[in-house]
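Participant: Need a 3D model of the sequence below.
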Amino acid sequence: MTSRDVTSKLRQRVWNGSIPLEIRLDKGDCRTYDASDPYLIQFPRISYLGLLIHKLHAFFSNTLIYPDVLPSDAWLSYEGVPLKWHYPLGLLYDLYSGAEPAYPSSTFNHMDPSPLPWRLTLHFSAYPTDQLVKLDDQDKHMHDLFIHSVKEADYLRTGTGKTVMFLSKEDSTQLWDGVKSHDFQLYNPINQKLLNPQGAALRHIPVRLYLPHAASDNEQSPGSLRVVQGLVKAEMGSRQPQTIGTALNQILPSLFPSRRSALLAQAVLHGAVLPLSAGVEDLVRAAAYLDGWLHVAVVMMG
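Facilitator: All right, here's what the predicted structure looks like:
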């Protein structure tokens, strides 16, 4: 099997990854005494909860205290933490669910099934505007957030961002339609154009690291995060491939003092601990999220 075949197979597995969700209406928004039935769905890991707001509004509309609320009034939380619409579901789950990540060797796979289904709470009041971007009823804000992130990733990869800017209107529409409908046949041809621009070398890899930390006196919001990124080249000196270990050592040397072994923290992508020897270019081609970024959760050890 060629490296291209391996990449394609991994990409398909990442695309097919999903998380079972159990979404319940907050009691403060529910007019029935014993709470409403939950909304159950197997939702793609790489997709966005913001794309669910119309279905959630329709499902719970008959049990809402205030029937005139709009889909854009909806927001989701987990144990009091508002969940950001523009973060992929898989990243949110890796950051907040408390599930143990899978390890490269099945011998050390301590994955705890207890957090599944992931139980979330749906709200239609007291919108946390200081923590969440408010969506609109036509998905325009969700679209704009996604495209902005795609442009940022493209700029890092090529140094210009022209690949996204020069997409035809049909290609741009097809990309977003593929995201909304979770249709690989629509999404992948356009994504491949972004990953393999003609006449442009791969300059940097789009990598963002997410570090949960406790709220301080000046930052009372629960579930607060520190988001870190740096310029990660595809290759090091002497044309040596950059690994996730060398990249983490460069960006967060205090948490990743070794390039080869995880001593203090682990890097988690799509629910699995990344081997530090994995090449960043291989990862971005096989396991990037829909916007082209490697959104990596940093989990402390011990």
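
Participant: Which positions within the longest helix along the chain qualify as buried?
Facilitator: Criterion DSSP state H: the longest helix present in the chain is helix 140-158. In terms of neighbour count (16 or more other C-beta atoms under 10 Å), helix 140-158 has its buried residues at 141-143, 145-147, 149-158. Bear in mind the C-beta positions are built from the backbone N, C-alpha and C, glycine included.

Participant: Contact partners for the spatially most central residue of the chain?
Facilitator: The residue lying closest to the centre of the chain (C-alpha atoms, centre = their mean) is Pro88, at 2.7 Å. Neighbouring residues of Pro88 by C-beta atoms under 8 Å, 6 or more residues apart in numbering: 45-48, 289-290, 295.

Participant: follow-up on the earlier one: what's the closest of the buried residues of helix 140-158 to Asp5?
Facilitator: When the buried residues of helix 140-158 are compared for distance to Asp5 (C-beta to C-beta), Arg157 wins out at 22.7 Å.

Participant: from memory that closest one sits against Arg203, does it?
Facilitator: Yes: with contacts defined as C-beta atoms under 8 Å, Arg157 counts as touching Arg203 at a distance of 6.5 Å.

Participant: sorry, back to before: biggest separation within the buried residues of helix 140-158, which pair?
Facilitator: The span of these, defined through C-beta to C-beta, is set by His141 and Thr158 at 26.3 Å.

Participant: any idea how far the longest helix of the chain is from the chain center?
Facilitator: 13 Å (C-alpha atoms, centre = their mean, to the nearest Å).

Participant: What is it packed up against?
Facilitator: Here helix 140-158 touches helix 162-165, helix 169-181, helix 184-195, strand 204-205, going by 3 or more C-beta pairs under 8 Å, 6 or more residues apart in numbering; DSSP states H and E.

Participant: Recalculate using a threshold of 7 Å.
Facilitator: Taking 3 or more C-beta pairs under 7 Å, 6 or more residues apart in numbering; DSSP states H and E as the contact definition, the neighbouring helices and strands of helix 140-158 are helix 162-165, helix 169-181.

Participant: For Asn16, find the nearest of the ones you listed.
Facilitator: Between those, helix 169-181 lies closest to Asn16; by C-beta to C-beta that is 14.4 Å.

Participant: For that closest one, give me every contacting residue.
Facilitator: With C-beta atoms under 7 Å, 6 or more residues apart in numbering as the test, helix 169-181 has contacts from 51, 143, 146, 186-187, 190, 290.

Participant: and with 10 Å instead?
Facilitator: By C-beta atoms under 10 Å, 6 or more residues apart in numbering, the surrounding residues in contact with helix 169-181 are 44, 46-48, 51, 139, 142-143, 146-147, 150, 164-165, 167-168, 183-191, 193-194, 290-291.

Participant: Just the CA atoms of that helix, as PDB, please.
Facilitator: As requested, the backbone C-alpha atoms of helix 169-181 are provided in PDB (Å, rounded to 0.1, in the frame of the first residue of the first chain):
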ATOM      1  CA  LYS A 169     -18.100  30.600  -6.900                       C
ATOM      2  CA  GLU A 170     -19.200  27.100  -7.800                       C
ATOM      3  CA  ASP A 171     -16.200  25.500  -6.000                       C
ATOM      4  CA  SER A 172     -16.800  27.700  -2.900                       C
ATOM      5  CA  THR A 173     -20.500  26.800  -2.800                       C
ATOM      6  CA  GLN A 174     -19.600  23.100  -3.300                       C
ATOM      7  CA  LEU A 175     -17.100  23.200  -0.400                       C
ATOM      8  CA  TRP A 176     -19.700  24.700   2.000                       C
ATOM      9  CA  ASP A 177     -22.400  22.400   0.800                       C
ATOM     10  CA  GLY A 178     -20.200  19.400   1.400                       C
ATOM     11  CA  VAL A 179     -19.600  20.600   5.000                       C
ATOM     12  CA  LYS A 180     -23.300  21.300   5.700                       C
ATOM     13  CA  SER A 181     -24.500  17.900   4.300                       C
END
